[in-house]
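Undergrad: what follows is a protein structure lacking sequence information:
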């Protein structure tokens, strides 16, 4: 790997987690063994995530140094002069001195490749961010970011599930030594409707959700961040990466032709 960021196969996506229930879900996740937590400014729940993490860490539920906390800078705060103050505001909401992974959420709005990425590099230099990632980039934008960043590109987060696959993005991640972080791995619950996923789940006496997670994490260079709020789902998703799919299972899901992108540009 070109980056020293070591992400576990399964982390927690937090979009939609909010309030006391959301904080409780984050606390439960950390106590259950999750070590990667993904949020974003536009989710408007950084304070919720921070509260859940603090409750678990203060109660002896984990070691902060072993936890990767990621957030994403929204498109209206990507102008070079806005990056630092918006990050400081995120840190205040999260209750952290530094965020482990800071993403450009989308290359839109105020995104100026040279200026924005230089501002992100400065945050790493000054200890406010541990690593720089990007999200929802295409291949040309990824190459440009790699060329412009001083720090190694630490991750690319993109929608990826049985109904929306972009193998070229995964290949780029492998070739350049950074992880592809697959969001919405359960396709908003639609994996339950996919015949190929259901068939593989039946074969392995598993749930379609577990199969979808295992299908993703079985691919070189891919980790994923399924969202869950209930303790049952949190505990079910975490070990799903240990489900051993056979090559024919993976090929069966790879061959799904139906496409459903949940978060188009």
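TA: Cool, got the structure. What you see is a predicted model; the values in this text were computed from it and never measured.
Undergrad: quick one: low-confidence parts of the stretch 51-200 of the chain?
TA: Judged by pLDDT under 70, the stretch 51-200 of the chain has no weakly predicted residues.
Undergrad: so where do the helices sit in it?
TA: Applying DSSP state H, counting those that start in this stretch to the stretch 51-200 of the chain gives helices spanning 80-94, 113-125, 139-148, 167-176, 195-203.
Undergrad: what's residue 206 sitting at in phi/psi?
TA: phi -130, psi 170 (degrees, to the nearest 10).
Undergrad: how close does the nearest residue to it once chain neighbours are set aside sit to residue 265?
TA: Distances taken as CB to CB, 6 or more residues apart in numbering put residue 243 closest to residue 206, at 5.8 Å, once the chain neighbours are dropped. Using the backbone N, CA and C atoms, a C-beta is placed for each residue, glycine as well. Distance of residue 243 to residue 265, given as CB to CB, to the nearest Å: 32 Å.
Undergrad: these two: which has the busier surroundings?
TA: A side-by-side neighbour count of residue 243 and residue 265, using other CB atoms under 10 Å, places residue 243 first with 19 against 8.
Undergrad: which residues does the more buried one contact?
TA: Neighbour list for residue 243: 204, 206, 210-211, 213-214 [criterion: CB atoms under 8 Å, 6 or more residues apart in numbering].
Undergrad: and what of residue 9?
TA: Per CB under 8 Å, 6+ apart, neighbours of residue 9: 217, 223-224, 241.
Undergrad: if we go to 6 Å?
TA: Applying CB atoms under 6 Å, 6 or more residues apart in numbering to residue 9 gives the contacts 217, 223, 241.
Undergrad: surely the last one touches residue 216?
TA: No. Checked against CB atoms under 6 Å, the pair residue 241 and residue 216 is beyond contact range at 8.4 Å.
Undergrad: without its sequence neighbours, what residue ends up closest to the residue of the chain most remote from its centre?
TA: For the chain, the C-alpha farthest from the mean C-alpha position belongs to residue 203; by CA atoms, centre = their mean, that distance is 28.6 Å. Closest residue to residue 203 apart from its sequence neighbours, by CB to CB, 6+ apart: residue 249 at 7.1 Å.
Undergrad: isn't that neighbour up against residue 200?
TA: Yes. The pair residue 249 / residue 200 is scored as a contact, 4.6 Å apart, by CB under 6 Å.
Undergrad: with neighbour numbers in mind, choose between these two.
TA: When residue 249 is set against residue 200 and neighbours are counted by other CB under 10 Å, the residue ahead is residue 200, at 26 against 22.
Undergrad: for residue 76, what are its contacts?
TA: Going by CB under 6 Å, 6+ apart, residue 76 touches residue 109.
Undergrad: same check, this time on residue 184
TA: Counted by CB under 6 Å, 6+ apart, residue 184 has contacts 159, 161, 262.
Undergrad: give me phi/psi at it?
TA: phi 50, psi 50.
Undergrad: if I look at it, how far off is residue 217?
TA: Distance, residue 184 to residue 217, using CB to CB: 15 Å.
Undergrad: same question for residue 30.
TA: For residue 30, the distance to residue 217 - CB to CB - is 20 Å.
Undergrad: okay, the two: which has more neighbours?
TA: The residue with more neighbours, out of residue 30 and residue 217, is residue 30; 23 against 20, by other CB under 10 Å.
Undergrad: any idea how many residues pack against the nearest residue to residue 46 once chain neighbours are set aside?
TA: Distance criterion CB to CB, 6+ apart; nearest residue to residue 46, sequence neighbours excluded, is residue 93 at 3.9 Å. Residue 93: 19 surrounding residues under other CB under 10 Å.
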